[in-house]
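Colleague: Provided below are the primary sequence and the corresponding predicted coordinates.
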Amino acid sequence: MRVSIDKSSIKGEVFAPSSKSYTHRAITLAALSKESIVRRPLISADTLATVRASELFGASIEKMEDKLIIHGNNGKPKVPDDVINAANSGTTLRFMTAVAALTEGITVLTGDASLRTRPNGPLLEVLNKLGVKACSTRGNERAPLVVKGGIKGQEVSIDGTISSQFISALLIICPLAENSTILSIKGQLKSRPYIDITLEMLELAGAKIHTDDSNGTRFTIPGKQKYDFKDYTIPGDFSSASYLLAATAMIGGSEVTVKSLFPSRQGDEVIIETLRQMGADIIWDKEAGNVTVRGGRRLKAITFDAGSTPDLVPTIAVLAAVAEGTSRIENAEHIRYKETDRLRALATELPKFGVDLKEERDSLTITGGKLQGAQVHGWDDHRIVMALTLAGMVAGNTTIDTTESVSISYPNFFKDMRSLGARIKDISEE
Ligand SMILES: O=C(O)C1=C[C@@H](OP(=O)(O)O)[C@@H](O)[C@H](O)C1
Ligand SMILES: C=C(OP(=O)(O)O)C(=O)O
């Protein structure tokens, strides 16, 4: 799909979509429990991949109006009848590779062309140390992956510099193993807040995990536990909301309230503080869960450490492109291992709007200025498409392709933007 975008200011109220990360965890843990209800799940291409995988592991999932009723496998996933296709979802692939370790047979996992380029080495290595047989069919740590269950438990350490999803995946399965596990993280851990979300959800499922050091990088996990996930309502997603908040802040005459944004463990909450630091007029009523932004103030450059919040990088890059002065996005190498190499994607597309940008291995340096309309490529990556849409709303006279990719995390993105007044047209047929 291709869209054209004219200069747009936006006004009104909109609900943030539900959190992708919380939805993946809720479904995965409910599928490993007996009976659970997950309310207000995000229904998107990525979370549906987790639904399908959980069904293949023996859960039955009833999809109702605004909830999922999940009859789980009670900690004993069955050997899947078919290959697990995680499609475009890294979270699904990593979590389900770990769940496969709990089965008494062999599971094959794959994904789309993008997912089959993403690394899984640290997860495979640790699963093998835990008594599982896990490998890549091509011997390159990429999917397709083959996992033969039989997790025991051990003292192991895992590299935390590539993806926190490996650690979340192990935290989800180790309580169900025969023996205890001691898991320590080595290297500079990236994306920490996602591990905290995992620990929060595991606690709700009744799991006991002891965090042994003050950095939160060593866990003792007793084995032979059972999960009981019960009934949970998914909070709003700050990564998805970041596009709405940033668009409003960048465009004079805009005023938008995004609802359903309550405090949670999502690191991407920091978008609110970042916009404030850049000089935006933004108010967060935490009790009501409302964030209101008024556009029109001149935004100032910032230095942004992306270590904990990789998914905000495309949003921050576009904010930097209109801000006064030179911004730096640092500590960002892990953003190269996403659906695309997002530093490369941004460094290729933003200059088409006239943006002055320098790409280094783990940083982007961006000098803000006036954007001019451009024909840009969305790289089949939902976050690149959504971020470029914001640039298009500022610049006008812009087209973007591969826009169907918003279905990964925010299927109603264009509908919501249009409902707020954004001038975005589907031009796929033209
Ligand atoms: O665990 C999760 O829900 C996620 C963790 C992050 O990935 P990494 O840990 O690979 O940085 C994030 O980028 C992804 O969108 C969702
Ligand atoms: C990287 C992302 O997700 P995943 O790793 O689950 O594909 C994302 O949503 O930006």
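Modeller: Structure received. Ligands and ions are numbered 1, 2, ... in the order given.
Colleague: so what's the backbone phi/psi at residue 108?
Modeller: phi -110, psi 130 (degrees, to the nearest 10).
Colleague: I'd say it and residue 145 touch.
Modeller: Yes - shown here, residue 108 and residue 145 form a contact pair, counting by Cβ atoms under 8 Å, at 7.3 Å. Placement of C-beta: from N, CA and C, glycine included.
Colleague: of those two, who's got more company?
Modeller: The neighbour count for residue 108 versus residue 145, taken as other Cβ atoms under 10 Å, is higher for residue 145 (28 against 16).
Colleague: Which parts of the stretch 151-300 of the chain are strands?
Modeller: For the stretch 151-300 of the chain, applying DSSP state E, counting those that start in this stretch gives strands covering 155-159, 181-186, 210-211, 218-221, 230-233, 255-259, 281-285, 290-294.
Colleague: Using a markdown table, please lay out the ones you listed together with mean pLDDT.
Modeller: Shown next, in a markdown table, are the strands of the stretch 151-300 of the chain (pLDDT from 0 to 100):
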| stretch | mean pLDDT |
| --- | --- |
| strand 155-159 | 97 |
| strand 181-186 | 97 |
| strand 210-211 | 96 |
| strand 218-221 | 97 |
| strand 230-233 | 97 |
| strand 255-259 | 98 |
| strand 281-285 | 98 |
| strand 290-294 | 98 |
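Colleague: Dump these to JSON lines, plus mean neighbour count and distance to residue 38.
Modeller: Shown next, in JSON lines, are those (neighbours: other Cβ atoms under 10 Å; distance: least, Cβ to Cβ, whole Å):
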{"stretch": "strand 155-159", "mean neighbour count": "17", "distance to residue 38": "28"}
{"stretch": "strand 181-186", "mean neighbour count": "19", "distance to residue 38": "26"}
{"stretch": "strand 210-211", "mean neighbour count": "12", "distance to residue 38": "26"}
{"stretch": "strand 218-221", "mean neighbour count": "19", "distance to residue 38": "24"}
{"stretch": "strand 230-233", "mean neighbour count": "16", "distance to residue 38": "6"}
{"stretch": "strand 255-259", "mean neighbour count": "20", "distance to residue 38": "20"}
{"stretch": "strand 281-285", "mean neighbour count": "16", "distance to residue 38": "26"}
{"stretch": "strand 290-294", "mean neighbour count": "21", "distance to residue 38": "24"}
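Colleague: Any chance of those strands in a markdown table with distance to ligand 1 as columns?
Modeller: Converted to a markdown table, the strands of the stretch 151-300 of the chain look like this (distance: least, Cβ to the nearest ligand atom, whole Å):
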| stretch | distance to ligand 1 |
| --- | --- |
| strand 155-159 | 12 |
| strand 181-186 | 12 |
| strand 210-211 | 17 |
| strand 218-221 | 16 |
| strand 230-233 | 16 |
| strand 255-259 | 19 |
| strand 281-285 | 22 |
| strand 290-294 | 20 |
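Colleague: nearest to residue 50, of those?
Modeller: Ranking these by proximity to residue 50 (Cβ to Cβ) places strand 230-233 first, at 14.7 Å.
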